[in-house]
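Peer 1: the sequence isn't on hand, but the structure is:
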């Protein structure tokens, strides 16, 4: 039980980490003031949170495909592209990834291939 609480605390730590990363990106990359960067950081966190929740609803909605899923290789490729676009883009990507993983780790989702097979099961059940 202590391990579950510890993991949850680590996931919650991703939120302020991402917030500070976004602030740094907006100050350095966009020349925002500290206050403007903080506001934009909060707006970005809200957008990432909404996008992550939307992504989690995809298997149940039937409207999108799961083709946009990416594993470790895909994440590494995206990180390489972000680095090629500049260090601030890599920092933004790092904040986005940290926040998304923090949100996913807070949710009580099964860590099994069963969860990823939900679109197939939904299609079988509907037909």
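Peer 2: Thanks, I have the structure now. In this text, all values refer to a predicted model and were calculated from it rather than measured experimentally.
Peer 1: alpha carbons only for contacts and neighbour counts from here, please
Peer 2: Will do.
Peer 1: low-confidence ranges, the chain, go.
Peer 2: Under the criterion pLDDT under 70, the flagged ranges of the chain are 1-9, 59-70, 109-127.
Peer 1: buried residues in the one helix or strand residue 58 maps to?
Peer 2: Using DSSP states H and E, residue 58 sits in helix 34-61. The neighbour-count check on helix 34-61 (16 or more other CA atoms under 10 Å) flags 37-42, 44-45, 48-49, 52, 59 as buried.
Peer 1: just stretch 15-30 next, same as before
Peer 2: Neighbour count says stretch 15-30 has 15, 18-27, 29 buried, by 16+ other CA under 10 Å.
Peer 1: can you put those residues in a markdown table and add secondary structure and distance to residue 75?
Peer 2: Formatted as a markdown table, these follow (DSSP: H, G, I helix; E, B strand; the rest coil; distance: CA to CA, whole Å):
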| residue | secondary structure | distance to residue 75 |
| --- | --- | --- |
| 15 | helix | 20 |
| 18 | helix | 17 |
| 19 | helix | 21 |
| 20 | helix | 22 |
| 21 | helix | 18 |
| 22 | helix | 19 |
| 23 | helix | 23 |
| 24 | helix | 22 |
| 25 | helix | 20 |
| 26 | helix | 23 |
| 27 | helix | 25 |
| 29 | helix | 22 |
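Peer 1: thank you, goodbye.
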